[in-house]
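Asker: predicted model, plus sequence, below.
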Amino acid sequence: NENELEGNDGEIQRPEVAELQFRGSPVGKVVAMPKFLRILYGDAKVTANGNKNAKDSWTCTGFEDKVQINKYPICPQGSKVKRIHDFPSCWDGKNIDSAKHREHIVFPDKNSGKCPKGFKAVPQLRISLTYNIPRDIQQKGQYKVDSFPEEAHNPFSDHDDFANVMSQQIMDRLVNCVNTGKKCKE
């Protein structure tokens, strides 16, 4: 078995559907992300670090807008396990990274959608992964995320990383697309 870390076992489940989407700001225009901007989602070491940066990522198809939880879901018949990662999208306008990788780009206010003072909205990355996990496997709790051994496959340790390596031309098209409210495909 070629798993990277001790304690990771089983069969790797490839997503049935993987979607990467950039979304605009609900309160105005977005600006271009700078090249090599680094963005983190969630926390791979939530047990050691606490819940501050951990995110509820888990849901079922058909329930995406209603509920995301920090536990492995058991989806109703005909619904599939889904992970949704909405990245922070308020950039400080200067730095492509910071000491803890979280101070230069933060989440907009949950209620208003506004960025904090001095921060600018950039396109928000959403990564959605849908898995075809048989319902009996869900009910028996026989699926899990690979994680650092001390996380013991905690679904709350779900996380993701992004680095912007898009050309300026592609980023400009992306910004123009979301700022005009279009749905564009690249």
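Answerer: Everything's here; your move.

Asker: what segments of this structure are strands?
Answerer: For the chain, the strands defined by DSSP state E cover 17-23, 38-42, 58-60, 81-86, 90-91, 105-106, 120-121, 124-131, 159-163.

Asker: dump these to CSV, plus distance to K185.
Answerer: C-beta: built from backbone N, CA, C; applies to glycine. As requested, the strands of the chain are exported to CSV (distance: least, Cβ to Cβ, whole Å):
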stretch, distance to K185
strand 17-23, 10
strand 38-42, 22
strand 58-60, 24
strand 81-86, 19
strand 90-91, 25
strand 105-106, 25
strand 120-121, 22
strand 124-131, 15
strand 159-163, 19
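
Asker: lowest confidence element among the helices and strands of the chain?
Answerer: The element with the least model confidence among the helices and strands of the chain, by mean pLDDT, DSSP states H and E, is helix 46-49, at a mean of 90.

Asker: for I69, find the nearest of the strands of the chain.
Answerer: Proximity to I69 (Cβ to Cβ) singles out strand 58-60 among the strands of the chain, at 5.2 Å.

Asker: what's that closest one packed up against?
Answerer: Counting contacts by 3 or more Cβ pairs under 8 Å, 6 or more residues apart in numbering; DSSP states H and E, strand 58-60 is packed against strand 81-86.

Asker: pull the CA atoms of the strand it packs on into CSV?
Answerer: Extracted C-alpha coordinates of strand 81-86, given in CSV (Å, rounded to 0.1, in the frame of the first residue of the first chain):
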residue,chain,number,x,y,z
VAL,A,81,-21.6,12.5,-0.3
LYS,A,82,-20.2,16.0,-1.2
ARG,A,83,-17.4,18.2,0.2
ILE,A,84,-17.6,21.9,-0.5
HIS,A,85,-14.6,24.2,0.1
ASP,A,86,-15.4,27.9,0.0
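
Asker: residues contacting P26?
Answerer: Residues counted as contacts of P26 (Cβ atoms under 8 Å, 6 or more residues apart in numbering) are 108, 113.

Asker: mind doing that once more with 10 Å?
Answerer: By Cβ atoms under 10 Å, 6 or more residues apart in numbering, the residues touching P26 are 108, 112-114, 121, 124.
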